[in-house]
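*Asks:* fold the following, please.
(one chain, ligands or ions: 1)
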Amino acid sequence: MNETNLPTIAQLLQACTLPALETRMLLCHVTGLSREQLITRREHRPSAEQVAVFLHLGHQRLHGRPMAYLLGTREFYGRPFRVNEQVLIPRPETELLVETVLDCLHGQEAPAVLDLGTGSGAIAVTLALEAPHANVSASDVSPAALAVARGNAAQLEAAVTFIESDWWQALPPQRFDVIVSNPPYIAASDPHLQQGDLRFEPPQALTDNADGLSAYREIIAQAGGYLQAGGWLWLEHGYDQADAVCALLEQAEFGRIGSKCDLAGHARVSGGQML
Ligand code: GLN
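*Replies:* Presented below is the predicted three-dimensional model:
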């Protein structure tokens, strides 16, 4: 393609069959133009390479690959987090978990916090930045996920200690004031695993390959050994799992057990205090 054969921004916007918002996001991403510039520079012709990348990403999107993976980033709690196929894409409902933990940390002096199964690091990094008085640690079983999380902590200048561990297995003996986790909670039989973005996310971040509750059983059963007296455990869960998670917390003799609702009105986060 020589210069004049290359399409203009207006032509690319017109020709793309993706939803308009996604087309604009991909065009901004490949051209480096802002959303405003896409409007004011409609006759601009991106380079042949930019057009090729745009067409490639558009094709991938048409086949379902999540926007967050194509752009390599997703906003969480107002900050951009780098993501790739090795980590779950941060979800808005997880901001409720962060807010709940922040409430818990408020007024505590230098609390020690652990994020179990940190993935992209969205929870741990946000907590470290929003509660700079806390000492935040984060674990994950996947070295590839930890690499992403470390990158996010560095990029966003958050002080987080990372530990490679399969839940509790390799954690040093330490007691925390708050433990938080958004574990894989989708049951193996749930048809959502075959739909939308979930088809492209790491299965081990989404499902326990069982009834959706095995991670909670494992986390809750041993949490007492890693919590200070009076320490809190807060967990994100599926929209219909609050009763089951609260029952597990009760069995493990947690007190002050409670759940919080997300913006859709689903009980989404449950927790309790180790008395
Ligand atoms: N919230 C995600 C979803 O339902 C699942 C994340 C998880 O299993 N922790 O799409």
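*Asks:* helices along the stretch 151-275 of the chain, start to end?
*Replies:* With DSSP state H, counting those that start in this stretch as the criterion, the stretch 151-275 of the chain has helices at 203-206, 214-223, 242-251.
*Asks:* does the second one pack against any helices or strands, and if so which?
*Replies:* Counting contacts by 3 or more C-beta pairs under 8 Å, 6 or more residues apart in numbering; DSSP states H and E, helix 214-223 is packed against strand 176-181, strand 227-236, helix 242-251. C-beta here means a position set from N, CA and C on the backbone, and glycine is covered the same way.
*Asks:* picking up where we left off before, which one of the helices of the stretch 151-275 of the chain lies nearest to Leu55?
*Replies:* helix 203-206 (29.3 Å; C-beta to C-beta).
*Asks:* go through the closest one and flag the buried ones.
*Replies:* By neighbour count on 16 or more other C-beta atoms under 10 Å, the buried set for helix 203-206 is Ala205, Leu206.
*Asks:* got the contact list for that helix?
*Replies:* Val87, Leu88, Gly117, Gly119, Val141, Ser142, Ala145, Pro184, Ile186, Leu193, Leu198, Asn209 (C-beta atoms under 8 Å, 6 or more residues apart in numbering).
*Asks:* pull out the buried residues from those.
*Replies:* Judged by 16+ other C-beta under 10 Å, buried ones among those: Val87, Leu88, Gly117, Gly119, Val141, Ser142, Ala145, Pro184, Ile186, Leu193, Leu198.
*Asks:* interface residues of this protein facing the ligand?
*Replies:* Leu88, Arg91, Asn182, Pro183, Pro184, Tyr185, Ile186, Leu198, Leu206 (C-beta under 6 Å from any ligand atom).
*Asks:* need the helices of the stretch 151-275 of the chain in JSON lines (columns: mean pLDDT).
*Replies:* Below are the helices of the stretch 151-275 of the chain laid out as JSON lines (pLDDT from 0 to 100):
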{"stretch": "helix 203-206", "mean pLDDT": "98"}
{"stretch": "helix 214-223", "mean pLDDT": "98"}
{"stretch": "helix 242-251", "mean pLDDT": "98"}
